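J.: only geometry, no sequence info:
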(Lines give C-alpha, C1' and ligand atoms only; values in the text may rest on other atoms or scores of the structure.)
Protein backbone atom coordinates (compact mmCIF):
# COMPACT_ATOMS: atom_id res chain seq x y z
CA UNK A 1 0.00 0.00 0.00
CA UNK A 2 1.29 3.45 -0.89
CA UNK A 3 1.18 6.13 1.81
CA UNK A 4 -1.13 8.19 -0.40
CA UNK A 5 -3.67 5.33 -0.27
CA UNK A 6 -4.26 5.79 3.47
CA UNK A 7 -7.50 7.57 4.34
CA UNK A 8 -5.83 10.00 6.76
CA UNK A 9 -3.25 11.05 4.20
CA UNK A 10 -5.93 11.51 1.57
CA UNK A 11 -7.98 13.63 3.98
CA UNK A 12 -4.91 15.81 4.56
CA UNK A 13 -4.58 16.30 0.80
CA UNK A 14 -1.28 14.47 0.30
CA UNK A 15 -0.47 13.57 -3.28
CA UNK A 16 2.49 12.02 -5.04
CA UNK A 17 4.91 14.49 -6.55
CA UNK A 18 4.80 14.81 -10.33
CA UNK A 19 7.02 12.34 -12.18
CA UNK A 20 10.66 13.40 -12.34
CA UNK A 21 10.60 15.66 -9.27
CA UNK A 22 13.22 15.36 -6.56
CA UNK A 23 10.59 15.45 -3.81
CA UNK A 24 8.26 12.53 -3.12
CA UNK A 25 5.00 14.02 -1.85
CA UNK A 26 3.13 17.32 -1.76
CA UNK A 27 0.53 18.70 0.60
CA UNK A 28 -1.33 21.98 0.04
CA UNK A 29 -2.22 24.38 2.82
CA UNK A 30 -5.98 24.15 3.29
CA UNK A 31 -8.24 25.45 6.07
CA UNK A 32 -8.30 21.93 7.56
CA UNK A 33 -4.51 22.00 8.03
CA UNK A 34 -4.19 25.51 9.47
CA UNK A 35 -3.33 26.08 13.09
CA UNK A 36 -4.30 29.10 15.19
CA UNK A 37 -1.55 31.15 13.48
CA UNK A 38 -2.69 30.36 9.95
CA UNK A 39 0.32 28.14 9.24
CA UNK A 40 0.44 24.39 8.62
CA UNK A 41 -0.36 22.53 11.84
CA UNK A 42 2.56 20.57 13.33
CA UNK A 43 0.53 17.33 13.30
CA UNK A 44 -0.14 17.66 9.57
CA UNK A 45 3.57 18.26 8.93
CA UNK A 46 4.46 15.19 10.98
CA UNK A 47 1.98 13.08 9.00
CA UNK A 48 3.46 14.27 5.70
CA UNK A 49 7.00 13.57 6.90
CA UNK A 50 6.08 10.07 8.10
CA UNK A 51 4.38 9.29 4.78
CA UNK A 52 7.42 10.51 2.83
CA UNK A 53 9.66 8.39 5.05
CA UNK A 54 7.60 5.29 4.26
CA UNK A 55 7.53 6.07 0.54
CA UNK A 56 11.31 6.54 0.47
CA UNK A 57 11.77 3.02 1.88
CA UNK A 58 9.31 1.58 -0.62
CA UNK A 59 11.13 3.22 -3.53
CA UNK A 60 14.62 2.29 -2.29
CA UNK A 61 13.65 -1.35 -1.54
CA UNK A 62 10.82 -2.29 -3.95
CA UNK A 63 11.43 -6.02 -3.53
CA UNK A 64 10.51 -5.76 0.16
CA UNK A 65 7.16 -3.99 -0.25
CA UNK A 66 4.97 -7.08 -0.01
CA UNK A 67 7.29 -9.16 2.15
CA UNK A 68 7.79 -7.01 5.26
CA UNK A 69 5.77 -5.47 8.05
CA UNK A 70 6.97 -1.98 9.01
CA UNK A 71 5.87 0.57 11.62
CA UNK A 72 7.43 3.75 12.94
CA UNK A 73 9.34 3.10 16.14
CA UNK A 74 10.55 6.62 16.83
CA UNK A 75 11.46 9.96 15.39
CA UNK A 76 13.62 12.97 16.02
CA UNK A 77 12.54 16.23 14.47
CA UNK A 78 12.68 19.97 14.47
CA UNK A 79 10.16 22.45 13.13
CA UNK A 80 12.47 25.04 11.64
CA UNK A 81 10.30 27.66 9.95
CA UNK A 82 6.55 28.28 9.86
CA UNK A 83 4.98 26.59 6.84
CA UNK A 84 2.69 29.07 5.14
CA UNK A 85 1.82 27.24 1.93
CA UNK A 86 2.14 24.01 0.01
CA UNK A 87 4.79 21.66 1.41
CA UNK A 88 7.13 19.44 -0.59
CA UNK A 89 8.42 16.30 1.15
CA UNK A 90 11.95 15.00 0.54
CA UNK A 91 13.12 11.75 2.11
CA UNK A 92 15.74 9.06 1.77
CA UNK A 93 17.10 6.14 3.78
CA UNK A 94 20.35 6.76 5.64
CA UNK A 95 23.56 5.12 4.42
CA UNK A 96 23.47 2.35 7.03
CA UNK A 97 19.93 1.37 6.03
CA UNK A 98 20.84 1.44 2.34
CA UNK A 99 23.78 -0.86 2.93
CA UNK A 100 22.28 -3.27 5.44
CA UNK A 101 18.48 -3.58 5.35
CA UNK A 102 18.22 -6.39 2.81
CA UNK A 103 21.22 -8.23 4.26
CA UNK A 104 19.77 -7.94 7.77
CA UNK A 105 16.42 -9.38 6.67
CA UNK A 106 18.10 -12.35 5.01
CA UNK A 107 19.95 -13.27 8.21
CA UNK A 108 17.41 -12.11 10.82
CA UNK A 109 13.64 -11.90 11.06
CA UNK A 110 13.57 -8.25 12.15
CA UNK A 111 15.65 -5.10 12.03
CA UNK A 112 15.36 -1.32 11.94
CA UNK A 113 15.60 1.22 9.14
CA UNK A 114 16.22 4.95 9.38
CA UNK A 115 15.23 7.70 6.96
CA UNK A 116 16.00 11.41 6.76
CA UNK A 117 13.13 13.77 5.92
CA UNK A 118 12.84 17.45 5.06
CA UNK A 119 9.69 19.40 4.32
CA UNK A 120 10.23 22.52 2.25
CA UNK A 121 7.95 25.28 1.09
CA UNK A 122 7.81 26.17 -2.59
CA UNK A 123 10.55 28.77 -2.09
CA UNK A 124 12.89 26.01 -0.86
CA UNK A 125 12.85 27.00 2.83
CA UNK A 126 13.19 24.03 5.18
CA UNK A 127 10.16 24.00 7.48
CA UNK A 128 10.70 20.57 9.09
CA UNK A 129 13.77 18.33 9.36
CA UNK A 130 14.05 14.99 11.06
CA UNK A 131 14.60 11.28 10.99
CA UNK A 132 12.27 8.33 11.40
CA UNK A 133 13.26 4.94 12.76
CA UNK A 134 11.21 2.02 11.48
CA UNK A 135 10.78 -1.43 12.98
CA UNK A 136 10.89 -3.83 10.02
CA UNK A 137 10.09 -7.55 10.20
CA UNK A 138 9.57 -10.23 7.62
CA UNK A 139 5.83 -10.46 7.02
CA UNK A 140 5.79 -14.21 7.68
CA UNK A 141 7.03 -13.50 11.24
CA UNK A 142 3.96 -11.36 12.03
CA UNK A 143 1.62 -14.33 11.70
CA UNK A 144 3.33 -16.24 14.52
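T.: Yes, it's here. This is a predicted model, so every value here is computed, not measured.
J.: Give the residue spans of the chain that score low on pLDDT.
T.: For the chain, applying pLDDT under 70 flags the ranges 141-144.
J.: State which helix of it is the longest.
T.: helix 42-60 (DSSP state H).
J.: What helices and strands are in contact with that helix?
T.: helix 7-11, strand 25-27, strand 68-79, strand 87-93, helix 95-107, strand 110-121, strand 126-138 (3 or more CB pairs under 8 Å, 6 or more residues apart in numbering; DSSP states H and E). Where C-beta positions appear, they are placed from N, C-alpha and C, glycine not excepted.
J.: which secondary structure elements does the fifth one contact?
T.: Put plainly, it is helix 95-107. helix 42-60, strand 110-121, strand 126-138.
J.: could these be laid out in CSV, adding mean neighbour count and distance to residue 6?
T.: Compiled in CSV, those are given as follows (neighbours: other CB atoms under 10 Å; distance: least, CB to CB, whole Å):
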stretch, mean neighbour count, distance to residue 6
helix 42-60, 21, 8
strand 110-121, 21, 17
strand 126-138, 19, 16
